[in-house]
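A.B. asks: below are the sequence and a predicted model for it; my questions follow.
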Amino acid sequence: MRYRLQITKAVRIALISAVSVFAAIGLAALGAYVAISLHWTDVQGVVDAQRQSFSSDIAGSRAWIDSPEWQALKIAMLKDQSDIDKAAKEAGVSPRFIIGPLMAEQLRLFSDDRELFKAVFAPLKILGVQSQYSWGVLGMKEGTAKEIEAGLADPSSPFYPGPSYAHLLDYSATTATDTARFERLTDPNSRYYSYLYAALYEKEILSQWKRAGFDISDRPEIVFTLYNIGFDHSVPNADPHSGGSEIDVGGHAYSFGELAADFYYSDELPGFAR
């Protein structure tokens, strides 16, 4: 009888522990949702001084080239070249337009968690996949992913890139789209959809600006900045500035747009075409 009572207590303790864990997970998920909805996760950014050209070293210190973060990252990026090239072709942008923000987002992730970088990313040469506030290897927020999908489907949208792109992100009629979207962008075995969403985001931004009379296809620093700060801040004009979240790499502080553009114009990873 005493033995059976002891088992009952053990089971009760286990049940209470399990309920507590699931409650904590639920609160964390709710907190993440609220934080994203209220923009608490947005990072204060910077605006770069205008420069004559990003194609030379005056575009900023290239301390990132010699950083251990970049040495690990470029090997990890090469592993995904086929998916990156495929996504670029589908969206009608250059592969380098995809890996510009990929490089900046991953270096930001490595910089924010140095211990994790040293323990995991550096020795394994892998990309960091986010799944909380932002998703996937390119830090795509759920709301942004939904806006990309909507822009493809709406010919009246200023972001609409044309009918040939309309069905690239379609779901089947029986698919639970919210679940499928999350799985697409956080799949640990394939980053293809992360690259496709990013490429289509850029395609929609390019379409919006061109429709307004401003072609920024030769201004990657502006496209990368707009990738970082979001659709709401994309306001076509004749004098755009690069900028975005501040990222520290190799002892140098960069804006997101500056860092991605520095890579874009560099000789690093020449297999990814401009």
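C.D. replies: In hand now; what should we look at? Only a predicted model underlies this, so the values are computations on that prediction, with no experimental measurement involved. Numbers count the residues shown, from 1 in each chain.

A.B. asks: list of residues touching the helix or strand harbouring residue 183?
C.D. replies: Taking DSSP states H and E as the definition, residue 183 sits inside helix 177-186. Outside helix 177-186, the residues that touch it by Cβ atoms under 8 Å, 6 or more residues apart in numbering are 129-131, 135-136, 140, 142, 145-146, 171, 193-194, 197. Placement of C-beta: from N, CA and C, glycine included.

A.B. asks: can I get the buried part of those residues as one PyMOL selection?
C.D. replies: Buried subset of the contacts of helix 177-186, written as a PyMOL selection, criterion 16 or more other Cβ atoms under 10 Å:
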select buried, resi 129+130+135+136+140+142+145+193+194+197
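
A.B. asks: could you export the contacts of helix 177-186 as TSV, including pLDDT and distance to residue 214?
C.D. replies: Converted to TSV, those look like this (pLDDT from 0 to 100; distance: Cβ to Cβ, whole Å):
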residue	pLDDT	distance to residue 214
129	91	34
130	89	32
131	85	36
135	96	30
136	96	29
140	97	25
142	97	29
145	98	25
146	98	26
171	96	33
193	98	29
194	98	28
197	98	24
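
A.B. asks: nearest to residue 98 among the contacts of helix 177-186?
C.D. replies: residue 194 (9.3 Å; Cβ to Cβ).

A.B. asks: distance of the closest one relative to residue 99?
C.D. replies: Distance, residue 194 to residue 99, using Cβ to Cβ, to the nearest Å: 12 Å.

A.B. asks: then residue 86?
C.D. replies: Distance from residue 86 to residue 99, by Cβ to Cβ: 13 Å.

A.B. asks: cool, residue 229 as well?
C.D. replies: 19 Å.

A.B. asks: quick one: which of the two has more around it?
C.D. replies: Taking other Cβ atoms under 10 Å, residue 229 and residue 99 do not tie; residue 99 has more neighbours (28 against 18).

A.B. asks: not counting sequence-adjacent ones, nearest residue to the more buried one?
C.D. replies: Nearest residue to residue 99 in three dimensions, chain neighbours excluded: residue 272, at 5.3 Å (Cβ to Cβ, 6 or more residues apart in numbering).

A.B. asks: do residue 263 as well
C.D. replies: Nearest residue to residue 263 in three dimensions, chain neighbours excluded: residue 103, at 4.8 Å (Cβ to Cβ, 6+ apart).

A.B. asks: sweet, I'm off.
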